[in-house]
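>>> Quick one: sequence plus predicted model below, questions after.
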Amino acid sequence: MGKMKLINLIIITMLVCCLVNISTYPIEATDVIITDKTGDVCSQNIWDDEVTVVNSSPYIDVKNIDLTQATYHQQGKQVILSLQVAGYIENRGNASGYDFVQYTFELITSGQKYSIWYCNRTCSLYYNNTQINLTSSNFSVVGNTLSITFSLVSADELYENFSAITYYENGIHFPEIYVFLGDIAPNPPLQISHVHVKDNGYVGETIRFNATVSFLTGTPLYWYHWDFGDQSSSTQCSLTHIYTEAGVYTYTFTVTDDAGVTANRSGTTTIYPVERVFLFGSFKDLLYYRDGYIGVDAVNLRMILLNRFQYFHYTSGQTIAFLNQYHGIIILNHFLIGMFDVIAGFNPTQNRGWTIDAPVNNTATLVLQRLLPENIFNSLDRY
């Protein structure tokens, strides 16, 4: 019995020693160092979304936001984040103003997502809908280096990712003058945030092609390429293009960064033909809209396509858009007659949308563009 008690005592002693060792053994520190090349501060034009590299500015020394290195150090719950710039840390403005410099860290752990903002000797920590205003004992600025110390919510959190972002914003004289410059380390993968092109247009129309590269992604500089699907192309980011033939066109926007990485986005636009027509018939009422548009509630409108000598009744529920080119118009006693250029419905897999010899007296809505000056329109006896 004595031997058994002794053995149990030894086992218990060993377990206690193990527990003490586990509880007091220091957690291994985590260190991450990110380097960033100089000369990669970017600006994004708010009018055409084009991203360009900026080496100088009349509003700020660009080196003060040009990141060179960012570091992460964790020991237990304590974290130290730091960044270095090519110039010096600039204390300027405040984040709610119009002329300021901000230095930001984004940290993701296994348990939380943290954002730390520093601007002109003030520093805030954000996580899980919580904001903590850090004091001067939590941060330091020495020349080109900013360091911030704070505690994680839990010591069990494991490092996953972090980045440093710097930017300068000046919108005092917006929209005449608006400056937004930024840098990030490390650079996220190249991305296109959006491409916008009209779903349809007509032959001869000036169509806008807009594209935006996600700001501070990839490795600037950027090279752009548009393929319009009609054997023509452009190297601009945003521009206009005119299609000369009707059809369905597949366009593709491609951006290539300085590292040779590419991203692209495609879509389609339908281009309708324009045809000369002779229009005549009666209507119920006219409404004058902004920019000279006239809306006509049709009662019994008909038209003739001159180039093919086809006759159409204007059927209920359809819309015909008329261009500025026309040759005379008479609107009197709810009757309309004239010769116009019309955007003809086009579908390569179907016949035209208008119905030949459709029943008369259908009600539909017709849009006439700039057919009458507003003062003449207002003088008409329409009722």
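Looks like it arrived, so ask away.
>>> who are the neighbours in contact with Ser110?
Ser110 sits next to 156-158, 160 when contact means C-beta atoms under 8 Å, 6 or more residues apart in numbering. Every residue, glycine included, has its C-beta placed from N, CA and C.
>>> ditto for Gln112
127-128, 152-153, 157.
>>> Asn94 contacts Cys119, doesn't it?
Yes - contact criterion C-beta atoms under 8 Å: Asn94 and Cys119 qualify, at 5.9 Å.
>>> what sits in contact with each of those two?
Contacts common to Asn94 and Cys119, judged by C-beta under 8 Å, 6+ apart, are Phe100.
>>> Excluding chain neighbours, what is closest to Asp49?
Spatially, and ignoring its direct neighbours in sequence, Asp49 is nearest to Thr212 (3.9 Å; C-beta to C-beta, 6 or more residues apart in numbering).
>>> What about that neighbour, how many residues nearby?
20 (other C-beta atoms under 10 Å).
>>> so which helix or strand takes in it?
strand 206-213 (DSSP states H and E).
>>> before we move on, the earlier item: which one of the contacts of Ser110 has the most neighbours?
Most surrounded of these: other C-beta under 10 Å gives Glu157, at 18 neighbours.
>>> Contact partners for that residue?
109-112.
>>> In strands only, show me these.
Among the contacts of Glu157, the ones falling in strands (DSSP state E) are Thr109.
>>> Check the contacts of Glu157 and tell me the two furthest apart.
Ser110 and Gln112 (8.3 Å; C-beta to C-beta).
>>> hang on, the earlier thing: out of the contacts of Ser110, which is nearest to Ala246?
The closest of the contacts of Ser110, once distances to Ala246 are taken by C-beta to C-beta, is Glu160, at 52.8 Å.
>>> Name every sheet partner of the helix or strand hosting that closest one and say whether each one runs parallel or antiparallel.
Here Glu160, judged by DSSP H and E, is contained in strand 159-170. Applying DSSP bridges to the sheet, strand 159-170 is found paired with strand 99-109 (antiparallel), strand 179-185 (antiparallel).
>>> Give the buried residues for stretch 183-200.
183-185, 187, 190, 192, 195, 197 (16 or more other C-beta atoms under 10 Å).
>>> what two of those are the furthest from one another?
Farthest pair in these, by C-beta to C-beta: Ala185 and Val197, 33.8 Å.
>>> tell me the pLDDT at Tyr311?
Note for Tyr311: predicted pLDDT of 65.
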